[in-house]
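Trainee: attaching a predicted model along with its sequence, questions to come.
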Amino acid sequence: MFGKLAPVESESYKARKERYESLLADMYARADEVKLGGGIKRIEREHKRGKLTARERIAKLVDDETEFTEIGLFTGYEMYEEDGGCPSGGTILGIGLVEGRLCVIVANDATVKAGAWFPITAKKNLRAQEIALENKIPIIYLVDSAGVYLPMQAEIFPDKEHFGRIFRNNARLSSLGIPQIAAIMGSCVAGGAYLPIMSDEALIVNGTGSVFLAGPFLVKAAIGETVDKETLGGAVTHTEISGVTDYRVENDDECLETIRGIVSHLGPRQTAGFTRIESVMPEFSSEEIYGLIPEMSNQPYDMQEILARIIDKDSWLPYKDGFGKTLITGYAHIDGWSVGIVANQRLVVKSKSGEMQVGGVIYSDAADKAARFIMNCNQKRVPIVFFQDVTGFMVGTRAEHGGIIKDGAKMVNAVANTVVPKLTVIVGNSYGAGNYAMCGKAYDPRLICAWPTARIAVMGGKQAAKTLLQVQMAKLEKLGETLSEEEQAEKLASIEAKYRDQMTPYYAAARLWVDELIDPATTREWISKGLDMANHNPEIPPFNPGVIQT
């Protein structure tokens, strides 16, 4: 398919594999800790109240919990430490089958600050609704939240991408006929009360579920009325008196079974009809990827080796194979799905003019090729998968005179205006405009995931540190001051350390720059699930790339 591939029994391969497995062990250990939410004691407290945890609810709701694809596990990771932390952003999010129907599922984690909303919680819930909107798949809310985390209300309440946008999206989803089902399985207070009641159908659990604009304490303070929680907004009140909710259920188990029943009655839906043939396993084991990624981010490797362990065997059809070699473009099948692939090539290659081109850098010829290929995929209605390991576009006099800005803009334009679904896998580096051109988060990939070796930043740490140091030294020179070599080394080390912290995949995942950190061996399954999800939206507008300089 790709020609002769490298052996996987060498000592260097084994060393790389061992190192990558260590990275994965660390990732899984961190993930296990995050999945405990607020901790064992708070989980036990929920059980004593007769409630399941958010993760337990999802496990009982979906057809097969092993097939549930979680999104944003590391949301909020190592953020808000002064406030006690916010594991997974206090919300569990993912896509899974319910009665055979693919659904987005969002569940407040009441073990984390009683399910209170931090700023990152709002961002994660908005991402959930965005996925439902883009792919036109039902969304299920399992509500159990104390509302906005008041100490941070200024960072969550009034802006466009804050809490109120949730209810705006409720209305938009409804207007587009995208089913929304909400279960009130705990507290549902103040502005948060609108989320379930703006859904198509709402359930409430007797005894534990409650929904009101103001709780008993606020009612007492505001109008002097003394009332208990159940009378004010419990299940009996809202199913027999106000009519606010549609179903009263006695416990979490009955609630989840009722949701399954509602989903089973959803009507048929059209699909986009993306091409899918019988799936064929890759030519090589996906786990061999571990030994193919070098330890240092600036070391070369052959991206074709990676692709050979992800795409269906014998399905590769290269596009402009001999041109613009720092980007790999071509058609393939992944789990039977027809896709176009744009991937950074990390080998040092020779251009058509004989120039040696550094791997991971996008040159003018590669950008030109990729833009044309992306337009072809849109013309043919073929989804596109991007594999990122990019240090940016080529710089320097020769590149500028050759029109790198023009060709880079052409590629960015094609990515931005793409109408077919895009999915992105960040394998390694994701720097600067390379992140944009290779469909970073700002360019609306339906899903974007990262491997443990991912690094996201405006540029590499050493380059950034040297640039910032030069700027600082220039300022000091204007003041007639200088830095000793020792002081320069200290500043350089300090800047590099800060960049290293901010470039880790955990830093990116915490802020939802990526949807999830994944094991490279599961990349094929992740992409297939994303394509299945994207296929649920039958509406693909005409492709119009606008003005492109040639």
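Mentor: Done, it's in. Predicted, not measured: the structure shown is a model, and the values here were computed from it.
Trainee: can you list contacts of the lowest-mean-pLDDT helix or strand in the chain?
Mentor: Lowest by mean pLDDT, DSSP states H and E among the helices and strands of the chain is helix 461-478, with a mean of 75. If you take CB atoms under 8 Å, 6 or more residues apart in numbering as the criterion, helix 461-478 is touched by 457-459, 482-483, 488, 491-492, 495-496, 499-500, 503. C-betas here are computed from N, CA, C, even on glycine.
Trainee: any buried residues in that helix, and which?
Mentor: Neighbour-count burial for helix 461-478, counted by 16 or more other CB atoms under 10 Å, picks out 461, 463-465, 468-469, 473.
Trainee: what's next to the helix or strand just after that helix, contact-wise?
Mentor: Toward the C-terminal end, the helix or strand that comes next after helix 461-478 (DSSP states H and E) is helix 485-503. In this structure, residues lying in contact with helix 485-503 by CB under 8 Å, 6+ apart are 455-457, 461-462, 464-466, 468-469, 472-473, 483, 507.
Trainee: average pLDDT for helix 485-503?
Mentor: Helix 485-503 carries an average pLDDT of 79.
Trainee: quick one: it to chain centroid distance?
Mentor: Between the mean C-alpha location of helix 485-503 and the chain-wide mean there is a distance of 30 Å, by CA atoms, centre = their mean, to the nearest Å.
Trainee: report the angle between that helix and helix 461-478.
Mentor: 140 degrees (axes from the mean of the first three to the mean of the last three CA atoms, to 10 degrees).
Trainee: give me the contact list for the next helix or strand after helix 485-503.
Mentor: As assigned by DSSP H and E, the chain's next helix or strand after helix 485-503 is helix 505-510. Helix 505-510 is contacted from outside by 30, 72-79, 120, 426, 450-456, 501, 514, 516-517, using CB under 8 Å, 6+ apart.
Trainee: tell me how far helix 505-510 lies from the chain's centre.
Mentor: 10 Å.
Trainee: before we move on, the earlier item: now render the buried residues of helix 461-478 as CSV, adding distance to Thr271.
Mentor: Conversion of the buried residues of helix 461-478 to CSV gives the following (distance: CB to CB, whole Å):
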residue, distance to Thr271
Gly461, 44
Gln463, 45
Ala464, 45
Ala465, 49
Leu468, 50
Leu469, 54
Met473, 59
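Trainee: which of these lies closest to Gly322?
Mentor: Taking CB to CB as the measure, Gly322 sits nearest to Gln463 out of these, at 30.6 Å.
Trainee: which helix or which strand is home to Glu525?
Mentor: helix 523-534.
Trainee: that older thread, specify which member of the buried residues of helix 461-478 is nearest to Gly354.
Mentor: Nearest to Gly354 among those: Gln463, at 27.2 Å, using CB to CB.
Trainee: from Asn429, how far out is that closest one?
Mentor: Applying CB to CB, to the nearest Å, the value for Gln463 to Asn429 is 11 Å.
Trainee: about what we covered before: so which pair among the contacts of helix 485-503 is furthest apart in space?
Mentor: Maximum distance among the contacts of helix 485-503 (CB to CB): 29.9 Å, for Ile456 and Leu483.
Trainee: spatially nearest residue to Ala465 (excluding sequence neighbours)?
Mentor: Ile495 (4.0 Å; CB to CB, 6 or more residues apart in numbering).
Trainee: over to Gly432?
Mentor: That would be Gly392: by CB to CB, 6+ apart, it lies 4.0 Å from Gly432.
Trainee: so how many other residues sit close to that neighbour?
Mentor: 22 (other CB atoms under 10 Å).
Trainee: repeat for Ser88
Mentor: Around Ser88 there are 26 other residues, counting by other CB under 10 Å.
Trainee: what does Gly215 give?
Mentor: Count around Gly215 with other CB under 10 Å applied: 18.
Trainee: now do the contacts for the closest residue to it other than its chain neighbours.
Mentor: Of all residues not flanking Gly215 in the chain, Val189 sits nearest, at 5.8 Å (CB to CB, 6+ apart). For Val189, the contacting residues are 145-147, 211-215, by CB under 8 Å, 6+ apart.
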